[in-house]
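Chemist: Could you look at this predicted model? Sequence included:
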Amino acid sequence: MEIFARITVAGLFILGTCLGVFAYWRYAWFFRNPPRRTPTGPNVVSPADGTVVYVEKISPSRPVICIKQGHSVSVNEIVKEDLEHTKVIIGVFMSPFDVHYNRAPISGKIDLIRHHPAKRKNLHMGRMHLRTLFKRLPLYANSLHIVENERTVTMIRGSFKETPIACYVVQIAGGSVSGIDQFFHEGQDLEKGEIFGMIRIGSQVDLVVTWNDSMKILVNPGDRVRAGETIFIA
């Protein structure tokens, strides 16, 4: 009987420890907000912490990526807007362990905020999570959440090397997401690196920017990036 009692006490201790660790991660550590040093000068910085899953320069109506055989995705399908002109799109996967505050990639005025519900229901991002963990390219394979899931699209009008540009930030919810937060309204100004929103639990943030020939893309799929600090385009 003494052995069973010890096993029971040990089991309760382990269970309590696990619940304590989970509660700390979910309700304290998850909401950490470390300070960031945003680079000055003409550049576009990452809007999210995480792993870059795709980088493409392409016209809006042409397929950006092929998620799986027979299912390609265009920029217009991701942004849910009928865009014109060539764009560069950079996707960042945020694991449940990344900082989830999102920061402005450029300085400018918020011209548009649109929320789009899921086509059916939010799909889990498990495949993308595993592929980023094990560095299996392409990192977006079989990730239908890219076009299926709930999202909020924020469009910021600013400039790059004195040329006007439109910059779309697409916050894509994961299967277990409990909310996409947006802290600003249309018409308000944002400074590069300023926090403008967050997504709760694992998710993805895409950046879509008007392309011009003076731009140089500095990141590749698989790179780890930090919101407000890592330069995407210079």
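Modeler: Thanks, I have the structure now.
Chemist: Any regions of this structure where pLDDT drops low?
Modeler: 1, 24-28, 60-61, 64-65, 67-70, 82, 176-178, 202 (pLDDT under 70).
Chemist: Where is the longest helix in it?
Modeler: If you go by DSSP state H, the chain has its longest helix at helix 2-27.
Chemist: Next secondary structure element downstream of that helix?
Modeler: strand 44-45 (DSSP states H and E).
Chemist: counting contacts, what elements does that next one pack onto?
Modeler: strand 231-233 (3 or more Cβ pairs under 8 Å, 6 or more residues apart in numbering; DSSP states H and E). For every residue, glycine as well, the C-beta is placed using N, CA and C.
Chemist: contact partners of the strand it packs on?
Modeler: Residues from elsewhere that reach strand 231-233 (Cβ atoms under 8 Å, 6 or more residues apart in numbering): 39, 43-46, 88, 90, 105, 160, 207, 209, 215-219, 225.
Chemist: For stretch 112-129, C-alpha coordinates in PDB please.
Modeler: Coordinates of the C-alpha atoms in stretch 112-129 are reproduced here as PDB (Å, rounded to 0.1, in the frame of the first residue of the first chain):
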ATOM      1  CA  LEU A 112      -7.600  49.800 -44.900                       C
ATOM      2  CA  ILE A 113      -8.500  47.100 -42.300                       C
ATOM      3  CA  ARG A 114     -10.600  44.100 -43.300                       C
ATOM      4  CA  HIS A 115     -11.500  41.000 -41.400                       C
ATOM      5  CA  HIS A 116     -12.300  37.900 -43.400                       C
ATOM      6  CA  PRO A 117     -13.900  34.800 -41.600                       C
ATOM      7  CA  ALA A 118     -12.700  31.300 -42.400                       C
ATOM      8  CA  LYS A 119     -14.100  29.700 -45.500                       C
ATOM      9  CA  ARG A 120     -15.400  26.800 -43.400                       C
ATOM     10  CA  LYS A 121     -13.400  26.500 -40.200                       C
ATOM     11  CA  ASN A 122      -9.900  27.400 -39.100                       C
ATOM     12  CA  LEU A 123      -7.500  24.600 -40.000                       C
ATOM     13  CA  HIS A 124      -4.600  23.600 -37.800                       C
ATOM     14  CA  MET A 125      -1.100  24.500 -38.900                       C
ATOM     15  CA  GLY A 126       0.500  21.300 -37.700                       C
ATOM     16  CA  ARG A 127       2.100  20.400 -41.100                       C
ATOM     17  CA  MET A 128       3.800  23.800 -41.400                       C
ATOM     18  CA  HIS A 129       4.900  23.600 -37.800                       C
END
